[in-house]
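Asker: with the input below, show me the fold.
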Amino acid sequence: MDIVTQVAFLITCQDVSMQLPFTLEKGAAITVMKLAITTSLCCITNQFSMGKSMAKGATQVVCLFIQDVLANCFICKHW
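Answerer: Next up, the predicted model:
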């Protein structure tokens, strides 16, 4: 007898929900909160209802974007 048929009566359908990707505004808010307040990611994840890896990823994306923008804004003077 196949194992699936043996445990088929135990398997129930579960509701699984996926969160939508965060918006640019939400990513910026997470980054500003992380940079402005010396707090752990736990506080941020509770505030924005997301996991630590999502909050960390949002912070990295926005910081890299800011770094790219600022890198093109500074004028280097060679004396």
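Asker: any idea where the helices of the protein begin and end?
Answerer: For the chain, the helices defined by DSSP state H occupy 3-7, 24-36, 41-48, 52-71.
Asker: hey, which helix or strand in the protein has the poorest pLDDT?
Answerer: Here the helix or strand of the chain ranked lowest by mean pLDDT, DSSP states H and E is helix 3-7, holding a mean of 77.
Asker: and it, how far out from the chain's middle?
Answerer: Relative to its chain's centre, helix 3-7 lies at 38 Å (Cα atoms, centre = their mean, to the nearest Å).
Asker: and L10, what pLDDT?
Answerer: Looking at L10, its pLDDT reads 72.
Asker: now do the contacts for it.
Answerer: With Cβ atoms under 8 Å, 6 or more residues apart in numbering as the criterion, no residue contacts L10. In this view, the C-beta of every residue, glycine as well, is placed from N, C-alpha and C.
Asker: could I get the helices of the chain as TSV with mean neighbour count?
Answerer: Shown next, in TSV, are these (neighbours: other Cβ atoms under 10 Å):
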stretch	mean neighbour count
helix 3-7	8
helix 24-36	15
helix 41-48	15
helix 52-71	14
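Asker: ok, so what distance separates the spatially most central residue of the chain from L70?
Answerer: The centroid of the chain falls nearest to M54 when counting by Cα atoms, centre = their mean (2.1 Å). Distance, M54 to L70, using Cβ to Cβ, to the nearest Å: 25 Å.
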